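Peer 1: Sharing a sequence plus its predicted fold:
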Amino acid sequence: MCKIFPFGLVFFWMTIIIPLGISLDDSLYHSAATSLSAAPNISNGPSSICATKPGNQVLLTIFIQTDSKSEENSFKVFNNRNGLWEEKLAKSNLKSNQLNRYDKCLFFKSCIRFEMYDTVGDGIAEGYYSIYFDDVKVAYSQFENGMERLIFGISCENEL
């Protein structure tokens, strides 16, 4: 699915994988989860974390609620610059049975690719991941397979 979302004074393209239990609320221009747990706290947002970074950077926050087999899970974040994907963040050995949080400051006009992996191919049994970009929820998935890819941000139309 591809849709244009307003993001401040500009628009950006997103590709989202919509698992069961998720619906899109077009009147609010963001994804709205139904029958899902409350959103994690992202109170120390861009103003506190990315304020000291050069340029116009905003916060990318990734929450991953793991199960007892978190050693099977890992993820990577890439940023597209001039047509080339650069790895910006990669994590494995996540902590089991808890909510893991990862923050990364990225330029506001970024095209971002997020990839979630499970080495066995069964996903996170009782878990999920959610992604926030500049305090806006851009993804939620219960991740039930071996790999998911999400592309979002500004200037991503050539990557879809």
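Peer 2: Yes, it's here.
Peer 1: Quick one: the strands in this structure, in order.
Peer 2: If DSSP state E is used as the criterion, the strands of the chain fall at 2-7, 10-15, 22-25, 30-33, 57-65, 73-81, 84-91, 99-107, 111-118, 128-133, 136-141, 147-153.
Peer 1: for the chain, what helix or strand is lowest in average pLDDT?
Peer 2: strand 30-33 (a mean of 33; mean pLDDT, DSSP states H and E).
Peer 1: what is the closest residue to Arg113 other than its chain neighbours paired to in the beta sheet?
Peer 2: Counting by Cβ to Cβ, 6 or more residues apart in numbering, Phe78 is the residue found nearest to Arg113 once chain neighbours are left out, at 4.3 Å. In short, each C-beta sits where N, CA and C put it, glycine included. Beta bridges link Phe78 to Glu87, Arg113 when assigned by DSSP bridges.
Peer 1: what ranges of this protein fall below the confidence cut-off?
Peer 2: In the predicted model, the chain carries pLDDT under 70 at residues 1-48, 52-53, 158-160.
Peer 1: Quick one: the strands of the chain as a markdown table, columns for mean neighbour count and distance to Cys50 too.
Peer 2: Conversion of the strands of the chain to a markdown table gives the following (neighbours: other Cβ atoms under 10 Å; distance: least, Cβ to Cβ, whole Å):
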| stretch | mean neighbour count | distance to Cys50 |
| --- | --- | --- |
| strand 2-7 | 13 | 16 |
| strand 10-15 | 16 | 18 |
| strand 22-25 | 14 | 27 |
| strand 30-33 | 16 | 21 |
| strand 57-65 | 22 | 5 |
| strand 73-81 | 19 | 14 |
| strand 84-91 | 13 | 13 |
| strand 99-107 | 16 | 4 |
| strand 111-118 | 21 | 14 |
| strand 128-133 | 23 | 12 |
| strand 136-141 | 21 | 14 |
| strand 147-153 | 19 | 15 |
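Peer 1: need the ones you listed in a markdown table with distance to Ala51, can you?
Peer 2: Compiled in a markdown table, the strands of the chain are given as follows (distance: least, Cβ to Cβ, whole Å):
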| stretch | distance to Ala51 |
| --- | --- |
| strand 2-7 | 19 |
| strand 10-15 | 21 |
| strand 22-25 | 31 |
| strand 30-33 | 24 |
| strand 57-65 | 9 |
| strand 73-81 | 20 |
| strand 84-91 | 19 |
| strand 99-107 | 9 |
| strand 111-118 | 20 |
| strand 128-133 | 17 |
| strand 136-141 | 18 |
| strand 147-153 | 20 |
